[in-house]
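The following block contains a protein sequence and its predicted model.
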Amino acid sequence: MASITLDKVGKIYAGGTRAVGDVNIDIADGEFIVLVGPSGCGKSTLLRMVAGLESISEGTVRIGDRVVNDIEPADRDIAMVFQNYALYPHMSVRQNLAYGLKNRGTPKPEIERRVAEAAEILQIGPFLDRKPRALSGGQRQRVAMGRAIVREPAAFLFDEPLSNLDAKLRVTMRLEIKELQRRLRTTSIYVTHDQLEAMTLADRLVVLNAGRIEQIGTPLEVYRKPASTFVASFIGSPAMNLISSTALPHLPGVAHAGTIGIRPEDLTVSATGPILMDVLAVEELGAQRLVHGQTGGERLTVTLSSNAELSDSLRLDYRPGSLHLFTAGEGRRID
Amino acid sequence: MKRTLFRNQLLPWLLLAPQLAITFIFFLWPAAQAVRQSFLRQDAFGINTTFVGLSNFQALWNSPEYLNSLQVTAVFAVLVTVLSMGFALLLAVAVDRMIRSTSVYTTLLVWPYAVAPAVAGILWWFIFNPTIGVMPYFLDAIGYDWNHISSKTDAMTLVVIASAWKQISYNFLFFVAGLQSVPASLREAAAIDGAGPVRRFFDITVPLLSPTTFFLLVVNIVYAMFDTFGVIDATTEGGPAQATNILVYKVYFDGFVGQNMGSSAAQSVILMLIVIALTVVQFRYVEKKVAY
């Protein structure tokens, strides 16, 4: 158990390309932090710097009270779950779980006890003597988690651990990871490009874009008050409507803003509404329908209940206080 | 319809014919001849040929020279295999660690494979020549009197080095490919699991390389036993005192120099059986047992 502190952390590759810059994150003991962003935003690089698999070009990383910049991965007291699981194919599940403990000279009875305990928690007891290749994707995922928890490390690092699983299994495993972390209370950093995964797992989200932090906050904070147009469009599904203020000049407070953001679920059909939308396409989702259209030359999406009446054009209103305003140039939030 | 069918049946045979002809004329027919001859004995002038059953094989079994050659071959094959595979793995690991210029090094390191065995032999024969060679000069400086013409150990060392050198590049290529197919994340996982570089190499890399290693083991033994004829012939000619007279060289020497066709044929039949055995081992185990 430990807190993790990233202080002005940056990564510059040998060729001079900057992957990550000026990252400051304070992670409390037992907290579940999710790094989320599109591919190439530097989230995996950041995680690998914490793990010790990438060198740290700038700033300091602290695990507990220790600066770990020059400490080997093995001595950082962390465990990592890889995207492809990285299970040792020539070892049985039991040997996979025990390998890290064996290398650290843990006594045999202690290894057996911990492996049995992890197997119990993750329900992989029946597979202990199989080789990884005889397991299904979900079972391999569990073994990879098992390998992390037997070590009882100060922190878990997850590098897109669910992205190789099919959609249904991903939802189940997501919940299992969440429950497991609640139970063990181990500080965790989790990297994903899936905003839904990020929202559901995180105590706090760190939204990254082009190697820099856009916003840190609880999932609801980030959802309700996105700090920039990037965050606004990245978090939430369907994505927030971002409309140039010139398209809707009559909305209140719009005068100083460059971009207006309205979530599709914050729009309602109203005969007196200020927005007139031409309907272009409708997507049926069962409980809801997504209506795509156009207003003042800008695309707009509305989430309506599936029994709402449709016509070629809809007059829309928005819930009070649901307008997000952003500056023209950098797209920063205006409060 | 019938006619088209007939032509379609003929065409595959026609297309196969050149390869089949080569296989038959240069491989199957001589092999059959060797088997036939191994049961015969010819007089010195080739006038009388008599069937002698297994007595050619019996004679080999009772010949200390043949048993010596068997032993020399075993020692030679093991040394060449270990040396060439060891060096190749070392080089492959070194190249695998480099991020850039890998392809340049790989290309340079593969060159020796393009050298013909006899040329490789001559090359090393010059380097180690007791009179004009550069190596004996250096060895002399540290007080070693190199002479592969009189010393059995020196002769064996020379042919082993010359043969292994040529094979290193071949092994190197396979090892590089093998190493590059070991996922980086496995080594990283092992690093986090507290294994140092040496430990990672032996616990993770070596087991994952085992299919490659086993394949190369068989290929190298076959190479050392059969393809090194040129090296031996160009350097030691089996000498001194039979010290480098490996089986395949003895087949040639007894048959074409000594004109003892029956014995030579019997020896090649034995060699044939060894190759068949190695091939069977290769096919049966390379896929099943060693793959994890």
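Perfect, I can see it now.

contacts, neighbours, all on C-alpha from now
Will do.

Relative to chain A, how far out is residue B:273?
In this structure, residue B:273 and chain A are 34 Å apart, going by C-alpha to the nearest C-alpha, to the nearest Å.

In contact with the residue of the stretch 151-300 of chain A found nearest chain B, which residues?
Each residue of the stretch 151-300 of chain A has a distance to chain B, by C-alpha to the nearest C-alpha, and the smallest belongs to residue A:151, at 8.7 Å. For residue A:151, the contacting residues are A:79, A:100-101, by C-alpha atoms under 8 Å, 6 or more residues apart in numbering or on different chains.

and it, that one's in a strand?
No: using DSSP: H, G, I helix; E, B strand; the rest coil, the secondary structure at residue A:151 is coil, not a strand.

and the closest residue to residue A:251 other than its chain neighbours, how many residues sit next to it?
In this structure, residue A:251 finds its nearest non-sequential neighbour in residue A:274, 7.6 Å apart by C-alpha to C-alpha, 6 or more residues apart in numbering or on different chains. Applying other C-alpha atoms under 10 Å in any protein chain shown, we find 14 residues neighbouring residue A:274.

Do I have it right that residue A:274 meets residue A:316?
Yes: Residue A:274 lies in contact with residue A:316 (C-alpha atoms under 8 Å); the separation is 6.4 Å.

hmm, back to that, how about the residue nearest to residue A:251, what does it touch?
With contact set as C-alpha under 8 Å, 6+ apart, residue A:274 has these partners: A:250-251, A:315-317.

Okay, and which of those residues map to strands?
Assignment to strands by DSSP state E places the following of the contacts of residue A:274 there: A:315-317.

pLDDT score for residue A:94?
The confidence metric pLDDT takes the value 94 at residue A:94.

for chain A, what are the nearby residues on the stretch 151-292 of chain B?
The stretch 151-292 of chain B has residues B:183, B:185-186, B:188-195, B:204, B:207-208, B:292 near chain A, with proximity defined as C-alpha under 8 Å from any C-alpha of the partner chain.

how about a cut-off of 6 Å?
With C-alpha under 6 Å from any C-alpha of the partner chain as the criterion, the stretch 151-292 of chain B comes near chain A at residues B:185-186, B:191-194, B:292.

Let's see if you can find the most crowded of those residues.
If you count neighbours using other C-alpha under 10 Å, the busiest of these is residue B:193, which has 29 neighbours.

any idea which of the contacts of residue A:274 is the one closest to residue A:203?
If you rank the contacts of residue A:274 by distance to residue A:203 using C-alpha to C-alpha, residue A:317 comes first, at 32.8 Å.

quick one: residue B:269 and chain A, what's the gap?
Here residue B:269 is placed at a distance of 40 Å from chain A (C-alpha to the nearest C-alpha).

starting at the chain centroid, how far to the one helix or strand residue B:231 maps to?
According to DSSP states H and E, residue B:231 maps onto helix B:229-235. Relative to its parent chain, helix B:229-235 has a centroid offset of 13 Å by C-alpha atoms, centre = their mean, to the nearest Å.

Could you list the residues in contact with it?
Contacting residues not belonging to helix B:229-235 are listed as B:117-118, B:121-122, B:125, B:249 [C-alpha atoms under 6 Å, 6 or more residues apart in numbering or on different chains].

who wins for neighbours among these?
The most crowded member of the contacts of helix B:229-235 is residue B:121, carrying 28 neighbours; neighbours defined as other C-alpha under 10 Å.

can you confirm it is in a helix?
Yes: the assignment for residue B:121 by three-state DSSP puts it in a helix.

What ranges in the chain fall below the confidence cut-off?
No chain in the question, so chain A it is. Per-residue confidence for chain A (pLDDT under 70) gives these ranges: A:1.

hmm, I had chain B in mind actually
Across chain B, residues meeting the criterion (pLDDT under 70) sit at B:1-8, B:44, B:46, B:99-102, B:286-292.

distance between the strand or helix carrying residue A:177 and the chain's centre?
The secondary structure element spanning residue A:177 is helix A:167-184 (assigned by DSSP H and E). Its chain's C-alpha centre lies 14 Å from the corresponding centre of helix A:167-184 when counted by C-alpha atoms, centre = their mean.
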